[in-house]
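Asks: Provided below for reference: sequence and predicted model.
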Amino acid sequence: MDRRTMIKGAGATLGMAVSARSYAQIKGANDRLRVAVIGVNGRGQAHMSAFTKLPNVAVTHLVDVDSQVLAKRAGEFAAKGNPAPQTVHDYRRMLDSKAVDIVTVATPDHWHAKLAVDAMNAGKHVYLEKPIGMAPAEGEALIAVQARTRRALQVGNQQRSSAETRQLADRIRAGELGEVYEAQTWYANNRVSIGRGHEMAPPAHLDWDLWQGPRPRGPYRSNLVPYNWHWFWKYGTGETCNNAMHELDVARWLMGLAFPSTVSARGSRRFFRGDDWEMYDTLALDLTYGDGRIIRWDGNSCNGMLRYGRGRGVLFLGTKGSAIVDRNGFEMFDLAGKQTRKVTAAASSETTGTVGEGALDVYHAGNLVDVIRGRENALASPIREGHISTSLCHLGNIAYRTGAVLSLDESTGRPSSPEGMKLWSVDYEPGWEVKA
């Protein structure tokens with residue numbers, strides 16, 4: 001019984017946990033892969049769920065700097081019939097243990113690169129949520145560390161493990177849409193105001209110093225944790241890295257593209273302008289390639305108007321037809337707009353929620369496990385691919401923040417302007433630097 005058998009069809013999301021646990025017990029602990037999940041308040045819950053559904057894999061450690069969250073998740077996990085996990089406050093104590101094979105990272109963005117680098121240096125394989133870092137320089141460091149340590153590093157672009165998206169990729173490469181000259185991507189939500197916060201002492205259950213980790217130290221704010229850090233430049237990377245990365249990754253993957261020649265972004269804060277949100281909530285991003293092809297992203301954080309009945313997705317425009325794809329399937333159309341094919345995923349995945357749990361998590365985690373065990377040759381989303389897609393989002397932020405159209409070196413993605421390169425990297429708290 002292998003992973004592909006276990007997750008076939010609708011069984012990917014129902015009833016598989018018991019089968020996976022039974023399989024692990026039959027096989028014994030000697031070759032069981034042990035997983036530590038870092039950051040369990042939001043997206044980490046999907047990691048916990050996905051890895052427990054895989055044969056002969058056990059989630060053994062939960063790591064979080066918030067003691068209340070850590071205790072709550074550990075209790076919930078055990079209540080579902082799983083062996084009680086070890087709870088760890090400081091991730092460095094977990095990395096010292098030989099009882100962990102895989103580390104998954106689902107923390108706030110400013111921690112991603114540091115945790116992945118430290119984990120690989122400690123000999124662990126890594127499942128790294130997007131974005132892979134706070135700036136493109138951190139992606140470059142991750143590439144170097146992965147090459148040196150030769151640990152498996154899977155980037156959390158889960159749609160690369162979608163059988164339906166891969167089927168559409170094959171059809172596009174076979175020429176069924178003709179020349180695909182443009183991809184339009186979008187994300188829509190109706191986020192509310194984060195209000196006006198104030199500096200205060202952090203709650204006793206939160207280790208504020210460790211929460212800040214690699215970033216220069218500063219005061220705690222009442223409206224920052226657990227989610228609103230996304231909208232502060234010191235800790236977050238905006239809606240592009242938070243959500244555009246998924247669709248931009250699919251668009252350039254199916255079009256066979258890497259770095260563009262120019263990047264432009266037009267955005268603003270249109271809603272709740274009196275609150276502490278530092279970034280845009282509305283952004284139009286254009287990536288233009290040397291051959292004239294374009295990838296566009298429209299981000300609407302606070303206006304949930306659907307497009308083609310979807311809160312997010314990719315529309316491919318070709319000389320013979322068009323296609324729309326999201327996490328749950330795809331549709332193809334002729335030049336008159338008549339639907340010619342519709343493929344729906346056997347098991348669904350969440351699209352706009354903050355946890356984002358679904359079948360794709362299981363497929364993507366399973367791909368990592370199979371590569372580690374030598375059953376598959378290639379990761380669905382290796383770090384070099386993840387770096388390019390993450391950098392597209394960072395470049396969108398850089399174009400927005402500098403107010404300029406960026407001209408890029410298409411081999412590296414680096415902007416030609418000194419102003420753009422100032423944002424290619426970030427500052428660190430001394431002793432917490434991300435190093436290759």
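Replies: Great, that's in hand. Remember, predicted model here, so these are calculated numbers, not experimental data. Numbers count the residues shown, from 1 in each chain.
Asks: for Arg310, which non-adjacent residue is spatially closest?
Replies: With C-beta to C-beta, 6 or more residues apart in numbering as the criterion, Arg310 has its nearest non-adjacent residue at 5.4 Å, and that residue is Asp326. Glycine gets a C-beta too; all of them are placed from N, C-alpha and C.
Asks: if I read this right, the one you found contacts Arg307, doesn't it?
Replies: No. Checked against C-beta atoms under 8 Å, the pair Asp326 and Arg307 is beyond contact range at 10.4 Å.
Asks: what's the overlap in contacts for these two?
Replies: Gly313 (C-beta atoms under 8 Å, 6 or more residues apart in numbering).
Asks: could you check which of the two is surrounded by more residues?
Replies: Each of Asp326 and Arg307 has its neighbours counted (other C-beta atoms under 10 Å); Asp326 has more, 24 against 17.
Asks: contacting residues for the more buried one?
Replies: Arg310, Arg312, Gly313, Val314, Thr351.
Asks: repeat the analysis, applying 10 Å as the threshold.
Replies: Asp326 makes contact with 159, 162, 164-165, 246-247, 250, 308-314, 345, 349, 351 under the criterion C-beta atoms under 10 Å, 6 or more residues apart in numbering.
Asks: among the residues you listed, which ones are buried?
Replies: With burial judged by 16 or more other C-beta atoms under 10 Å, the buried subset of the contacts of Asp326 is 159, 162, 164-165, 246-247, 250, 310-314, 345, 349, 351.
Asks: among those, which one sits closest to Pro85?
Replies: Ser349 (24.6 Å; C-beta to C-beta).
Asks: with adjacent residues omitted, what lies nearest to the closest one?
Replies: The shortest distance from Ser349 to any non-neighbouring residue, by C-beta to C-beta, 6+ apart, is to Gly358 (2.6 Å).
Asks: before we move on, what about Leu368?
Replies: In space, and not counting its chain neighbours, Leu368 is closest to Gln154: 4.2 Å by C-beta to C-beta, 6+ apart.
Asks: after the strand or helix carrying the one you found, which helix or strand is next?
Replies: Gln154 belongs to strand 153-155 when elements are defined using DSSP states H and E. Heading C-terminal from strand 153-155, the first helix or strand you meet, by DSSP H and E, is helix 163-173.
Asks: ok now the helix or strand just after that next one, how far from the chain's centre?
Replies: Using DSSP H and E, the helix or strand that follows helix 163-173 in sequence is strand 180-188. Relative to its chain's centre, strand 180-188 lies at 19 Å (C-alpha atoms, centre = their mean, to the nearest Å).
Asks: what pairs with the strand holding Gln154, parallel or antiparallel?
Replies: Sheet pairing of strand 153-155 (DSSP bridges) gives strand 125-128 (parallel).
Asks: just after the partner strand, pick out the following helix or strand.
Replies: Per DSSP H and E, strand 125-128 leads on to helix 136-149 as the next helix or strand towards the C-terminus.
Asks: re earlier: okay, and the beta partners of the residue nearest to Arg310?
Replies: Beta-bridge partners of Asp326, counted by DSSP bridges, are Gly329.
Asks: now it: how far from Ser349?
Replies: To Ser349, Asp326 is 9 Å away according to C-beta to C-beta, to the nearest Å.
Asks: report the separation between the two terminal residues of stretch 151-159.
Replies: One end of stretch 151-159 to the other measures 22 Å (C-alpha to C-alpha, to the nearest Å).
Asks: the stretch 251-400 of the chain: helices as residue ranges?
Replies: 359-372, 383-402 (DSSP state H, counting those that start in this stretch).
Asks: out of those, which comes closest to Asn223?
Replies: Using C-beta to C-beta, the nearest of the helices of the stretch 251-400 of the chain to Asn223 is helix 383-402, at 21.5 Å.
Asks: tell me, what's touching Asp326 and Ser349 both at once?
Replies: Going by C-beta under 10 Å, 6+ apart, residues that sit against Asp326 and also against Ser349 are Gln159, Ser162.
Asks: sort out which of the buried ones among the contacts of Asp326 are in strands and list them.
Replies: Arg312, Gly313, Val314 (DSSP state E).
Asks: that older thread, shouldn't the residue nearest to Ser349 be in contact with Ala346?
Replies: No. Look at Gly358 against Ala346 with C-beta atoms under 10 Å: they stay out of range, at 11.7 Å.
Asks: which of those two has more residues huddled nearby?
Replies: Each of Gly358 and Ala346 has its neighbours counted (other C-beta under 10 Å); Gly358 has more, 23 against 16.
Asks: and the pLDDT at the more buried one?
Replies: Note on Gly358: pLDDT of 86.
Asks: that one and Asp109: what is the separation?
Replies: Applying C-beta to C-beta to Gly358 and Asp109 gives a distance of 21 Å.
Asks: on contacts alone, who are the packing partners of the helix or strand containing Val69?
Replies: Assigned by DSSP H and E, Val69 falls within helix 67-79. In terms of contacts (3 or more C-beta pairs under 10 Å, 6 or more residues apart in numbering; DSSP states H and E), helix 67-79 is packed against helix 44-52, strand 57-63, strand 86-88.
Asks: mind listing what's buried in stretch 287-296?
Replies: For stretch 287-296, by 16+ other C-beta under 10 Å, it's Leu287, Thr288, Tyr289, Arg293, Ile294, Ile295, Arg296.
Asks: what's the pLDDT at the closest residue to Ala50 other than its chain neighbours?
Replies: Spatially, and ignoring its direct neighbours in sequence, Ala50 is nearest to Asp361 (3.8 Å; C-beta to C-beta, 6+ apart). For Asp361, the model assigns a pLDDT of 96.
Asks: per-residue pLDDT of the residue in the chain sticking out farthest from the centre, please?
Replies: Distance from the C-alpha centroid of the chain peaks at Ala336, with 35.3 Å (C-alpha atoms, centre = their mean). Note on Ala336: pLDDT of 98.
Asks: and the most centrally placed residue in the chain, what are its phi and psi?
Replies: In the chain, the residue lying closest to the centroid (C-alpha atoms, centre = their mean) is Lys130, at 2.6 Å. Per-residue torsions, Lys130: phi -80, psi 160 (degrees, to the nearest 10).
Asks: contacts only, for it.
Replies: Going by C-beta under 10 Å, 6+ apart, Lys130 touches 43, 109, 112, 155-158, 237, 241-246, 249, 381, 386, 389-390, 393.
Asks: now do Thr185
Replies: Thr185 neighbours (C-beta under 10 Å, 6+ apart): 243-244, 246-251, 285, 287, 295-299, 307, 312-316.
Asks: how near is Ala78 to Met48?
Replies: Distance from Ala78 to Met48, by C-beta to C-beta: 11 Å.
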